[in-house]
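> what shape does this take:
(2 chains)
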Number of protein chains: 2
Amino acid sequence: MKPDKILLDHGSGGLMSHRLVTETLLPAFDNPLLAPLHDGAVLDLGQGRVAFSTDSFVVDPIFFPGGSIGDLAVNGTVNDLAMCGAEPRFLSMGLILEEGLPFSDLERILADMKSAAGAAGVFIVTGDTKVVPRGAADKVFINTTGIGLVPAGIQVAPNRVRPGDRILLSGTLADHGMTILSQREGLGFGGPVQSDTAPLNHLVKKMLAACPDIHLLRDPTRGGLGTSLNEVACSAGVGILMEEDRIPVRGPVAGLCELLGIDPLYVANEGKLLAFVPPEAEAPLMAVMQSDPLGRDAVVIGEVLADHPGRVEMKTRIGGRRIVRMLTGEQLPRIC
Amino acid sequence: MKPDKILLDHGSGGLMSHRLVTETLLPAFDNPLLAPLHDGAVLDLGQGRVAFSTDSFVVDPIFFPGGSIGDLAVNGTVNDLAMCGAEPRFLSMGLILEEGLPFSDLERILADMKSAAGAAGVFIVTGDTKVVPRGAADKVFINTTGIGLVPAGIQVAPNRVRPGDRILLSGTLADHGMTILSQREGLGFGGPVQSDTAPLNHLVKKMLAACPDIHLLRDPTRGGLGTSLNEVACSAGVGILMEEDRIPVRGPVAGLCELLGIDPLYVANEGKLLAFVPPEAEAPLMAVMQSDPLGRDAVVIGEVLADHPGRVEMKTRIGGRRIVRMLTGEQLPRIC
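Down below sits the predicted model:
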């Protein structure tokens, strides 16, 4: 009989671990590569360049409007691979479970991971589970690590960013972060906000088909758009100028930000991308993005300059200019 | 000025995260693939089959005689890849840090990871760091996920195990698990025991060079030898007969096991392997193993039978036979 909670025994490596794997984990992700229960998966990747990316998820709460830690864990690594210009193929899953986690929560998370993997077109092919005593972790932490294939001719990297590049943003800011904040125990906000967690790889594939010369892709997750732009300005050694009134934020999200004194520029997104593209690619890429559900609200938010390398400036709504710095201080822990 | 403890800010994705990455993490693992600070690493793997394996480490204490969570995290995934018959190449590192972790502890762990990666000949090429509030995790958890290349002609898998196969064990049992137990707060054991954490890939490479036809490799970690043999008996659909008096256990480790009533058959090892090999390969492989420092104490512990498929039996010292079952119940949480 299956217990209704995760027990320390489930991390023993023994019988209970075996049952957890065969009765709960394998059925959740059944695929021929995962089945042999070996220490790792053996994959035939063919020839070419491979992208490899890892991300751990510690979001609190584990379920929230628009998704769960399960969706987030799959989409997050899928998106990191897509930002390398790669087509995501295989994911590993490392679970750290707290003793006492309700089994029903684990099953719901695994179901979300399976459906997110299906939507992204990736396979979870190897995994590991640890259980720690009550109080040594909070509910569940998930690491996903992914492998993707980079098509020939694609070179998406910070050193390809050039003055004159247009900066495209695929949609509204701050949906994920403000959803988590509104759900966080003790704050008790409600309202029609939900996480934007989504796999961006299909959109990226269409964008690269329309313009194989995209210079750089980034998903503005932790730290938000402001931090992502600063990272690019630093690593590419360029200046960036963005326009405040181009930045799309949904009404309820903007209201929540204003109420709490939070700048949406620094709030995490989980289903948005930034593309740095040559000027001639702006129009065809905007057309591709706006015809995709995940890029419907795409905008050109700014451009890359030779001036003030390493610095991000913003034209404000009232016509001034201000420096946009990297996020300093933790805005919200355990956002993803 | 660098703070002496991990702060929540270090997980923000903003400036403090950036500093943690550039000032602490990148210098620890400096290599040309890691440097671009992109969302993932892009690797040229050439042609062929790729092994992919993940493992999370939650060991408590994080430092212990013979190693640390850092060594363990690198060697554990290196060994999982080696058990696939692969030559480990690239590792990812996912850190979950508890607010308040002393920086000096983090640096010591990273130094251990770097030296373990050097010893194994692998590169840590991509990473991720999360920080959770005090009390939401215990000190540090590490996920490593690895990619290795499987040489042409090598087929190491449970379905290749055959009746008549000899079962070789590379050395003494229970060193890692009994070391952790002896260190665990409140138990206060001492004595000359230390973890056997070590990378097995170089030994495996020599073994595969001597006998490319090795049927199966396993590292008996969590759950110990008893559980590993049961997993093989189940997945290969064979019987296994082992001999109790062949099992090597160091004197102080055996003493500790006896004192505490713990069966060394079920205690975790972190630098030992099991090889299932055709009978004619026994002699050449034993010669290769015994000439390597990590296989010096290698023994033939038993053989594979067509009888009693799915069951492991042991010839006891007094001449009887008993069934060796899978570990039931958690012997020791957070052993790795």
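
> hang on, residue A:326 packs against residue A:222?
No - look at residue A:326 against residue A:222 with CB atoms under 8 Å: they stay out of range, at 11.7 Å. For glycine as for every other residue, the C-beta is placed from the backbone atoms N, C-alpha and C.

> and residue A:285, what element?
Per DSSP states H and E: residue A:285 is located in helix A:282-290.

> what comes up buried for that helix?
Residues A:282, A:285, A:286, A:288, A:289 are the ones in helix A:282-290 that count as buried (16 or more other CB atoms under 10 Å in any protein chain shown).

> show me what whichever helix or strand comes after that helix is packed up against.
Note on helix A:282-290: by DSSP H and E, the next helix or strand toward the C-terminus is strand A:299-305. Contact partners of strand A:299-305 among helices and strands, from 3 or more CB pairs under 8 Å, 6 or more residues apart in numbering or on different chains; DSSP states H and E: strand A:166-169, strand A:239-243.

> quick one, strand A:299-305 and strand A:239-243 angle?
If you take axes from the mean of the first three to the mean of the last three CA atoms, to 10 degrees, strand A:299-305 sits at 150 degrees to strand A:239-243.

> helix or strand next in line after strand A:299-305, which one?
As assigned by DSSP H and E, the chain's next helix or strand after strand A:299-305 is strand A:312-315.

> and that following strand, which strands flank it?
Sheet pairing for strand A:312-315, assigned by DSSP bridges, gives strand A:239-243 (parallel), strand A:321-324 (antiparallel).

> and the residue nearest the centre of chain A?
residue A:76 (3.2 Å; CA atoms, centre = their mean).

> surely it is in contact with residue A:57?
Yes - checked against CB under 8 Å, the pair residue A:76 and residue A:57 is within contact range at 6.5 Å.

> now the common contact residues for these two.
Listed as contacting both residue A:76 and residue A:57 by CB atoms under 8 Å, 6 or more residues apart in numbering or on different chains are A:144, A:336.

> and the helix or strand containing residue A:217 with chain B, contact?
Following DSSP H and E, the helix or strand that holds residue A:217 is strand A:216-218. Yes - with CB under 8 Å from any CB of the partner chain as the criterion, chain B is reached by strand A:216-218 at residue A:218.

> report all helices and strands that the helix or strand following that strand contacts.
Next in sequence after strand A:216-218, counting helices and strands by DSSP H and E, comes helix A:224-236. In terms of contacts (3+ CB pairs under 8 Å, 6+ apart), helix A:224-236 is packed against strand A:216-218, strand A:239-243, strand A:274-277, strand A:312-315, strand A:321-324, helix B:15-19.

> and with 6 Å instead?
strand A:312-315 (3 or more CB pairs under 6 Å, 6 or more residues apart in numbering or on different chains; DSSP states H and E).

> show me the contact partners of the strand it packs on.
With contact meaning CB atoms under 6 Å, 6 or more residues apart in numbering or on different chains, strand A:312-315 is reached by A:229, A:230, A:233, A:240, A:241, A:242, A:243, A:244, A:321, A:322, A:323, A:324.

> now swap in stretch A:238-256 and tell me
By CB under 6 Å, 6+ apart, the surrounding residues in contact with stretch A:238-256 are A:161, A:172-175, A:178, A:191-193, A:229, A:233, A:264, A:297, A:299, A:301-305, A:307-309, A:311-317.

> okay, now that stretch: how far is its last residue from its first?
Using CA to CA, to the nearest Å, the end-to-end distance of stretch A:238-256 comes to 33 Å.

> so how far is that stretch from its chain's centroid?
19 Å (CA atoms, centre = their mean, to the nearest Å).

> can you give the domain ranges for chain A?
Annotated domains of chain A cover A:8-150, A:158-323 [automatic domain parsing].

> hang on, residue A:156 is in a strand, isn't it?
No - going by DSSP: H, G, I helix; E, B strand; the rest coil, the assignment for residue A:156 is coil, not a strand.

> helices along chain A, start to end?
A:15-19, A:26-28, A:69-83, A:103-120, A:175-183, A:201-210, A:224-236, A:251-260, A:282-290 (DSSP state H).

> make a markdown table out of these and add distance to residue A:136.
Output for those, formatted as a markdown table (distance: least, CB to CB, whole Å):
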| stretch | distance to residue A:136 |
| --- | --- |
| helix A:15-19 | 17 |
| helix A:26-28 | 24 |
| helix A:69-83 | 18 |
| helix A:103-120 | 17 |
| helix A:175-183 | 23 |
| helix A:201-210 | 35 |
| helix A:224-236 | 31 |
| helix A:251-260 | 32 |
| helix A:282-290 | 44 |
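
> now these in TSV, with distance to residue B:252 and mean pLDDT?
Formatted as TSV, those follow (distance: least, CB to CB, whole Å; pLDDT from 0 to 100):
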stretch	distance to residue B:252	mean pLDDT
helix A:15-19	28	74
helix A:26-28	39	75
helix A:69-83	42	96
helix A:103-120	39	93
helix A:175-183	50	92
helix A:201-210	54	98
helix A:224-236	52	91
helix A:251-260	59	90
helix A:282-290	65	98
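
> most tightly packed of those helices?
Comparing those by mean neighbour count (mean count of other CB atoms under 10 Å in any protein chain shown), helix A:69-83 comes out on top with a mean of 30.

> tell me the helices and strands packed up against that helix.
Helix A:69-83 sits against strand A:49-57, strand A:87-98, helix A:103-120, strand A:140-150, helix A:201-210, with contacts defined as 3+ CB pairs under 6 Å, 6+ apart.

> next one: that helix to chain centre, how far?
How far helix A:69-83 lies from its chain's middle: 5 Å, per CA atoms, centre = their mean.

> need the contact partners of that helix.
With CB under 6 Å, 6+ apart as the test, helix A:69-83 has contacts from A:51, A:53, A:55, A:57, A:59, A:62, A:88, A:91, A:109, A:112-113, A:116-117, A:120, A:142, A:144, A:146, A:148, A:197, A:199-201, A:204, A:217-219, A:336, B:39-40.

> relative to strand A:87-98, how tilted is it?
Using the same axes, to 10 degrees: helix A:69-83 against strand A:87-98 is 150 degrees.

> kindly export helix A:69-83 (C-alpha atoms) in PDB.
Extracted in PDB, the C-alpha atoms of helix A:69-83 (Å, rounded to 0.1, in the frame of the first residue of the first chain):
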ATOM      1  CA  ILE A  69       7.100  24.100  -9.900                       C
ATOM      2  CA  GLY A  70       6.800  21.200 -12.300                       C
ATOM      3  CA  ASP A  71       5.900  23.400 -15.300                       C
ATOM      4  CA  LEU A  72       8.500  25.900 -14.300                       C
ATOM      5  CA  ALA A  73      11.300  23.200 -14.000                       C
ATOM      6  CA  VAL A  74      10.600  21.900 -17.500                       C
ATOM      7  CA  ASN A  75      10.000  25.200 -19.200                       C
ATOM      8  CA  GLY A  76      12.900  26.900 -17.500                       C
ATOM      9  CA  THR A  77      15.500  24.500 -18.900                       C
ATOM     10  CA  VAL A  78      13.800  24.300 -22.200                       C
ATOM     11  CA  ASN A  79      14.000  28.100 -22.500                       C
ATOM     12  CA  ASP A  80      17.600  28.200 -21.400                       C
ATOM     13  CA  LEU A  81      18.400  25.800 -24.200                       C
ATOM     14  CA  ALA A  82      16.300  27.700 -26.700                       C
ATOM     15  CA  MET A  83      18.200  30.900 -25.700                       C
END
